[in-house]
Structure formats: C-alpha cells, structure tokens
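Peer 1: no FASTA, just this:
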C-alpha cells in the first residue's frame, strides 16, 4: 500500500485494506456463533456458506500476490455470494438485501462509477434470476416469491433505483474529491518548485562569493539524498528518517553554506591557508547561516524546511570527536542532518579543484573519510557512504566542474 495518501488510488487502497482487515476481525465472532447455532438446528447450508465466505475473506487478506483490482473483485464476489445465499435461504426478511446494497457502493468507492452501475445492474439481474428461475424451474426453491410476484418486483425495482442513485451520488463526490486532490497536488508542486528555485538562488549567492561553483550545490544535494536513503533502509538507529524526511534533507542541503554571505571577501576569497585569526572569522559562517535561516523561520512560523536548513548550516562542521565548530558538539549530540552533510561536504571538497589545491581522486577522498571515521565523521554515516560509493562517483562525474 502507498506510504502517503496524496492520490485517489491511495485513498481507495486504504479503504480496501481497512474493509478487509476490519472485516476479518469483526466478522470472526458472528461467523463462529452463526456456525454453532446453525449446526444445532441443522441448517448445514448456512454452516457451509458462512465457512466458505470467511475462508475467502481470509484469502483476500493474506494472499500477498493478489493485485489491487483482483482483491477488489474478490471482495465484490464475496459480498454477492453472501447476499444471494442469504436471499435464497431467508428471503426478503433477512440481511441479504443489506449485503447486496454494499456491493455497488464498494464498487464505486474502490473502482469507479462505471463499475458501480454494472454491479448494481448485475446484482438485480442475479436476484431476479434467483427468484423467477426458482419459480419456473423448481417451485419453492427460494422464499423470495413467498409474498407474491408483485411485491418481489417492487423490491427489486426499488433496490435497483436506490443503488443507481447511491452510485451517482458517490461517483460525483469522488469526482469532486479527485479534482480537489489534483488541484492540491498541482499547488503543492508549484510551491515545491518555487521553494527549490528560491533555495538554489540563495545558495548560489553564497557560492558565487566563494571559490566553489554552482555544481557543488547540485552534487551535495544528491550526496545527501543518497546517504539519507541508505541510512533509512539499513540503519535501525535512524528509524526517524521517513520518506518525507529524506526529501526534506535533500532540499535543505544546498543552504548549508548560506552563512558565507556574511564573511568578508578578503577572508572568503583569499587563496591558500588562512591565519588563525582569519580562520576564526571564517568559522562564523555557520552561525551566520543559522541566524539568517532562523530569522526567516520566525517570520514564516512553524516551518520544518527552514528549521532543518538552519540545523544543517549550524552543525555540518561539527566533528564526531567534538573537535569541530562552532559549538564543539560530539557523537549523537550532533544532529543527524549535520553528520550527513559533513560527509557529503568533505567528499565534494576533496574531489573538487580549487585555486589553492588540486582535486583528489574518488579513491583518495574515500580513503580520507574512512581514515577519519569515528573521529571526524559518524561511523554509521561512513558505512552508508561505503554502500553508495559508486553512486557518489557517478554523481561527481555527471556534475563535474570541468
């Protein structure tokens, strides 16, 4: 089943699996009670019908290879089977008609109006065949005509009319809902594109003042996404990384050095090593970035994206052993976002050529990060890097500065 519910199919899946799961639990007691009571009074046909129906329900719940549509059709078949069986045994006074009403409703909810209309029509035809067929070929086979043919026709025609009306109403509601969901998705996508464009523009402002290039932004975004996805799949220690968190990390990553805007040019653009005094000034870019993003967050209110971006900007120069900056955090006191960004940022810095250094090879960059696992970098994130190392190499080549 889909992880999130942003589409009509996702909502339909949730309804289907909810109906099957709840049905298997809720109907267990009535099934057992019905079987016991029916057996005591000799209604063995009821015992057989109920047993077959419940076993079929368990099959629909438990058999994983079934597709969504196969499961829906299986559920509709089960409802029709129960309804017709009850009508054949108890006549118009039983629960058969209630079950029969459920079939077109679920067909519309789980598939579409067309299937709902077909199910309502087919149900009516089957009931008519069951009633009139029994009268023509084997009188007394079913009690449906016990109160006369006219009443039976009235009941059938009312069932068909009410079913078609229900299908129409539900179909229109679903159509309107689908239109609303589509509009929301389009609006959400437009907002995401605006956010991405704003992030890239803001990040580029910082990069243009530095010796780095815009491709650094692209590469590190992909690196962070790969590492977060790998940690999500393989590490029990970061179970909090769901799909939305992974995507949010990747979208926030480009703002990790936004604070460089606040660093003077004579420090930011100086080739070669900085003096200890100038390096202390350079280190303030982590604080500048955090302050700028948190100021924006204060204006916008509760914004998870800006909160995460500020966290990354503030902590991606912290080191696992506590020797990093700006606060000297260590181990898991460093937010996971900062630990992931640290590996991605250093890898890209190593493989990139600058005016003050040549580019390292992929192998040299990997060797450096492995050598500093447990001191500079979180060992768990380094293991994730090892698992996706070839993907890092591919990204570096694809978005090379050359």
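Peer 2: That came through, no problem. Source: prediction; values computed, not measured.
Peer 1: show me where pLDDT drops low in the stretch 201-350 of the chain?
Peer 2: Within the stretch 201-350 of the chain, the segments meeting pLDDT under 70 span 201-214, 235-240, 300-303.
Peer 1: helices along the stretch 251-400 of the chain, start to end?
Peer 2: 265-268, 276-282, 285-300, 304-315, 336-351, 362-371, 379-387, 389-398 (DSSP state H, counting those that start in this stretch).
Peer 1: select, out of the ones you listed, the one closest to residue 10.
Peer 2: Taking CB to CB, helix 304-315 is the member of those nearest to residue 10, at 21.8 Å. For glycine as for every other residue, the C-beta is placed from the backbone atoms N, C-alpha and C.
Peer 1: just the residues contacting the closest one, thanks.
Peer 2: Residues outside helix 304-315 that contact it (CB atoms under 8 Å, 6 or more residues apart in numbering): 195, 199, 248-249, 251-253, 255-259, 286-287, 289-290, 293-294, 296-297, 300, 326, 329, 334-335, 337-339, 341.
Peer 1: do the same with stretch 376-390
Peer 2: Contact with stretch 376-390 is made by 226-227, 230-231, 234-235, 237-238, 319-321, 323-324, 334, 339-340, 342-343, 346-347, 362, 366, 369-370, 373, 392, as judged by CB under 8 Å, 6+ apart.
Peer 1: make a ChimeraX selection of whichever of the residues you listed turn out to be buried.
Peer 2: Entered in ChimeraX, the line below selects the buried ones among the contacts of stretch 376-390, by 16 or more other CB atoms under 10 Å:
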select :226,227,230,231,238,319,320,324,334,339,340,342,343,346,347,362,366,369,370,373,392
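Peer 1: and the buried ones among the contacts of helix 304-315, selectable in PyMOL?
Peer 2: Paste this into PyMOL to select the buried members of these, with burial taken from 16+ other CB under 10 Å:
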select buried, resi 199+248+249+251+252+253+255+256+257+258+259+286+287+289+290+293+294+297+329+334+335+337+338+339+341
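Peer 1: run the chain-centre distance for whatever helix or strand residue 188 lives in.
Peer 2: Taking DSSP states H and E as the criterion, residue 188 maps to helix 149-208. Distance of helix 149-208 from the chain centroid (CA atoms, centre = their mean, to the nearest Å) equals 17 Å.
Peer 1: just to revisit the earlier point, do you know which of the helices of the stretch 251-400 of the chain lies nearest residue 166?
Peer 2: Comparing the helices of the stretch 251-400 of the chain under CB to CB, the one sitting nearest is helix 304-315, at 41.2 Å.
Peer 1: quick check: angle from the closest one to helix 336-351?
Peer 2: Angle between the axes of helix 304-315 and helix 336-351 is 60 degrees (criterion: axes from the mean of the first three to the mean of the last three CA atoms, to 10 degrees).
Peer 1: domain ranges for this structure, per the record?
Peer 2: 8-182, 209-398 (automatic domain parsing).
Peer 1: export those to a markdown table and tack on distance to residue 188?
Peer 2: Formatted as a markdown table, these follow (distance: least, CB to CB, whole Å):
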| stretch | distance to residue 188 |
| --- | --- |
| domain 8-182 | 10 |
| domain 209-398 | 12 |
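Peer 1: tell me the most buried of these?
Peer 2: domain 209-398 (a mean of 18; mean count of other CB atoms under 10 Å).
Peer 1: if I look at residue 393, what pLDDT would I see?
Peer 2: With respect to pLDDT, residue 393 has a value of 94.
Peer 1: ok, it touching residue 362?
Peer 2: Yes: contact criterion CB atoms under 8 Å: residue 393 and residue 362 qualify, at 4.7 Å.
Peer 1: which residues touch the closest residue in space to residue 166 that isn't next to it in sequence?
Peer 2: Leaving aside its chain neighbours, residue 166 sits nearest to residue 105 (5.9 Å; criterion: CB to CB, 6 or more residues apart in numbering). Residue 105 makes contact with 116, 166-167, 170, according to CB under 8 Å, 6+ apart.
Peer 1: quick check: residue 105 vs residue 116, distance?
Peer 2: 7 Å (CB to CB, to the nearest Å).
Peer 1: which one of the contacts of residue 105 is nearest residue 95?
Peer 2: residue 166 (17.7 Å).
Peer 1: contacts only, for that closest one.
Peer 2: 101, 104-105, 108, 116.
Peer 1: and it, what pLDDT?
Peer 2: Residue-level pLDDT assigned to residue 166 equals 92.
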